[in-house]
Each structure stands twice: as C-alpha cells, then as structure tokens.
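Student: When you get a sec, could you give me coordinates for this:
(chains A and B)
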Amino acid sequence: MNWHMKKKRKSVLNPNIENILSVKEILSGNKLAGARVIRLIEENDPQAFELLKQLYPYSGKAFIIGITGSPGVGKSTLINSMIQEFRKLDKKTAVVAVDPSSPVSGGAILGDRIRMQKHATDENVFIRSMASRGEKGGLSRAAKDAVIVLDTMGYEIIIIETVGAGQGEFEIANLAHSIGIVTIPGAGDGMQAVKAGILEKGDIFIVNKSDKPDVDQTLHQLNMMLEMRNSSRTDFQTTTGTDWTPKVLKTSAQNGNGVKEVVDTFLSHFDFMEKNNTFDTKKDEMEILYFNALLKDLALEKLLKYIKTSDRYVETIKEIQSCKIDPLSAAELLTDKLIER
Amino acid sequence: MKTTKKIRVLIAKPGLDGHDKGAKIVCLALRDAGMEVIYSGLHQTLDQIIQTATEEAVDVIGLSIMSGAHLPICEKLLAMMKEKGLDDIHLTVGGVIPYQDIPQLKEMGVAQVFPGGVSFEHIVTGINALETGEK
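Tutor: This next block holds a predicted model:
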C-alpha cells in the first residue's frame, strides 16, 4: 500500500530555514544551506531552479570524477579511500552517491555512505546520497544540479558514484570530466564491459579486490581490450597525441592498497586535459548537453500543457473514442497543427 | 516542472550496541512505504549523526537504541540539533525502550517513540503523520 500517497505533505522547509537559502550562504560553503537546496532540486521545487540560475555563473571550478561499476565491486569502499587521499592533498571533497529507487514503492535504501561514515565529521567533506527515482542508468538531472551546488560551495573534487553508466543526456560521461570504471577479478567483467560499450568511456580502469585470485588475468584482459580500442581508432586525436591513453590499475580498497595511484592518475588525467586544452572543450560540450536536456524537459512540459488545455485536444479525444480517427493519425495531426502555427 | 516530494529518513545507531537487524528491517519497511532511507551503519557518534542529517537534508531521524541509554542520548542529540539549526527535523526513537520512559522522551521533544513490539504499520503511519503535521 502506498502510504505516502495518502496525504498531501507540508513543505519540506520551515520558515526560519528558508532565509538561509541564499546564494551568499551557498557560496560561503554553508552545509545546511547547500544540503537544503539539493533537497529542493530533488523535489523539483521552482525555488531551486531560481537559485541554480544565480549560482551557475560561479560554477565550473571543480574537477568532477565519475566512478561506476556493477553492484558489489567496491565502489563506495574505493571512494572512501579516495576521499582520504584527496584530504591528504588538502582538497575539499564531495561525493554524490546514487542508488536505485524501488520500482514498486518508489522508496529507496541509500547505504553507500555506510562505507564513508568515518569522513562524516570532516568539515571539508560533503557526502550526499541520492535515489535514482526511476531514471534509467541511475542518473538524473538532480545529480547534475547537485554537482553545480557542490561546485559553488567550494568543493574542489566532486565524485559521482553510480551503478551503470547511464544513458542519454545524463550518462556519467556527460556529467564527469574523468571516468573511473571499477571491476573485480573473475566475473567476466572484461567482456561485459565491452558489450555495454562502456570501454569507450573509461579513462581509468580499476580492478578492485586485487587480493582475490585471477587478478592478473583480468588486468591482462582489460589491457588487451584497450589496446584494440586504440589501434582501431584512426581519428584526429590519436594522431596528434592529444588523446589520453586509458590506464589500468589494481587496488584493494578495503586496506587502501593502490588507492594513492588511483588518485594520482585522476589528477594526472586532469593535468593532461589542461595541457592539451581538451578540458575546456569537454566543459563546453557538457554545457551544451545540459542546455539541450533542459530544453527537452521544458519544451515537453510547456508544449504538453499547451496542447492538453486546448479545445482541439478535447475534440480529438472524443473523435478517438467514437472511432472517427485512430490514435496514431490523431497524435500526428495534432502535433503537425502545432508546428504550422 | 512537476514537484516530487518524498519523505527522507535517516536511520542511525548511536553508541556501542552492535545489533542492527531491527534497524535494517525498519529501513526496508520504510522503503516499502515509499520513503528514501539513509542508513548510517553501526557505532555512530552524535556528531556523525548530526553531520549526516545535515548533509542528507532529512525530514526525520530514527534512532535505534538497545543499550538503555535512550534518555541521555536523545536529550543530548536534541540539544545539538537545536544548536546546528536542525530543529525542523523530527527525532524518533525505537528499540528497547521501557514504556515508563515514553512520557519523559516526549517531553524532551522526541516526536515519536516506537518501542519493541509495535507494528511496521504503526511506524509508517507515525512518520507519515509527522510529515503531514498531525501529531
């Protein structure tokens, strides 16, 4: 039974909190204000959209890292160790950990931060769990918008954790500057990765749980796949040397082995992109994709509202019900009429 | 854009007791009721709970306490919540709580108490009621 459907809820925020929701508070790094704005973003609150508009010009300073891989490969544990390494370098670090929502109840259990709780009291670490809320691939606009808020709060490193790579405008490759793909020895994940097409998107491949047997075989498989990927590419970037050669690393995240190398490699990927001016190109591309996604959302919503409140729409429904027209022709006719105008 | 509101709950286990079967099962029941549940894991300090509740912007904190220390823990946490500007978050507590302590907990400001033996339905309706403002 959907208990949550029964009653209309009051506003998430009490009035005293609302006055800390200002651009100034967020730019000063106020965790309470930042967290509440992210909450409003998740709830699609119009207030959040207004704040984001004002915050956007201040964003674009953070280095955004995507960590993806199948459930149980140790992504959260790896991120926990990565936070530790980034903190040693005195970098303010934030994490957005996305877990799936239940397709039945719409609820979710968000347990990623259990592995990161030792950083909970660090002033310079911000961990936010997020439910996928039915998005394929587990990423939604809310994840992107949350990253903007964390960026403007002054977090220099932002790590997005997700199961699966996502699809379309909000796939991980369009949200992060550098992608780490985590796998474990055995499990045939080398092959799985190729099938999913994810190999093309990874910048760093991490074989976690490297204390387990078959680790060398998995490393070998991955290296071989990547070599094939490179030799099959004939485009401009490979010939000019501005293309990053993906790295394969092994870690045992539980005890921190190899994690320093992972962090160093992410940072050297950042340096590489800056040196070759590909970082700005990537940022520009991400910005246009974000614009297109917003455009799609808003256009769909506004147009649908317009169509559904028109007399023509009501008439068409009647015509379909009385079998005067089929639904396919009706939908085509209605949208064509709209474009004509 | 359509607004989509969901109740967010932090389930936390303060202190040293190591039994979290109950807390995990409550997490499941709340998820099945359509809520988003953040589980903090075992052995949380009150500082960790406060920081987690801040960063996760939850509506409700649910403590699971079996150690008998529910009175001092709740009192201290409520004071810290007030200090950190989290006084709009409802504090609830469950676990091994003697019935005679419930009035004292409520007086302190604990919104709901769910001692051993209450049904999931009771917990779910209790938390829903907090969010609709019907205490």
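
Student: right, is stretch A:42-61 up against chain B?
Tutor: Yes - residues of stretch A:42-61 are located near chain B by Cβ under 8 Å from any Cβ of the partner chain, namely A:Glu42, A:Glu43, A:Asn44, A:Asp45, A:Pro46, A:Phe49. Yep, even glycine has a C-beta here, placed from its N, CA and C like the rest.

Student: Reformat those residues as a markdown table; add pLDDT, secondary structure and neighbour count.
Tutor: Below are the residues of stretch A:42-61 next to chain B laid out as a markdown table (pLDDT from 0 to 100; DSSP: H, G, I helix; E, B strand; the rest coil; neighbours: other Cβ atoms under 10 Å in any protein chain shown):
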| residue | pLDDT | secondary structure | neighbour count |
| --- | --- | --- | --- |
| A:Glu42 | 90 | helix | 27 |
| A:Glu43 | 89 | coil | 20 |
| A:Asn44 | 86 | coil | 16 |
| A:Asp45 | 87 | coil | 20 |
| A:Pro46 | 87 | helix | 10 |
| A:Phe49 | 89 | helix | 15 |
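
Student: so where do the strands sit in the stretch 151-300 of chain A?
Tutor: For the stretch 151-300 of chain A, the strands defined by DSSP state E, counting those that start in this stretch occupy A:157-162, A:178-183, A:204-207, A:247-250.

Student: Tell me which other helices or strands the second one touches.
Tutor: In terms of contact count using 3 or more Cβ pairs under 8 Å, 6 or more residues apart in numbering or on different chains; DSSP states H and E, strand A:178-183 is assigned the packing partners strand A:63-68, helix A:189-195, strand A:204-207, helix A:259-275.

Student: ok so, going back, ok, which pair from the residues of stretch A:42-61 next to chain B is furthest apart?
Tutor: Farthest-apart pair in these is A:Glu42 and A:Pro46; separation 13.4 Å (Cβ to Cβ).

Student: returning to what we had before: just tell me which of the strands of the stretch 151-300 of chain A ends up closest to A:Met224.
Tutor: Of all the strands of the stretch 151-300 of chain A, strand A:247-250 comes closest under Cβ to Cβ, at 10.1 Å.

Student: Does the closest one pack against any helices or strands, and if so which?
Tutor: Secondary-structure packing of strand A:247-250 (3+ Cβ pairs under 8 Å, 6+ apart): strand A:204-207, helix A:215-231, helix A:259-275.

Student: what's that strand in contact with?
Tutor: Residues outside strand A:247-250 that contact it (Cβ atoms under 8 Å, 6 or more residues apart in numbering or on different chains): A:203-208, A:210, A:215, A:219, A:222-223, A:226, A:258, A:261-262, A:265.

Student: next one: stretch A:326-341
Tutor: For stretch A:326-341, using Cβ under 8 Å, 6+ apart, the contacting residues are A:Leu303, A:Tyr306, A:Ile307, A:Arg312, A:Tyr313, A:Thr316, A:Glu319, A:Ile320, A:Ile325.

Student: Can you tell me which residues in the stretch 101-250 of chain A are near chain B?
Tutor: So the stretch 101-250 of chain A meets chain B at A:101-102, A:104-111, A:113-114, A:117, A:120-121, A:126-129, A:131, A:133 (Cβ under 8 Å from any Cβ).

Student: Give me the buried subset of those.
Tutor: A:101-102, A:105-111, A:113-114, A:117, A:120, A:126-129, A:131, A:133 (16 or more other Cβ atoms under 10 Å in any protein chain shown).
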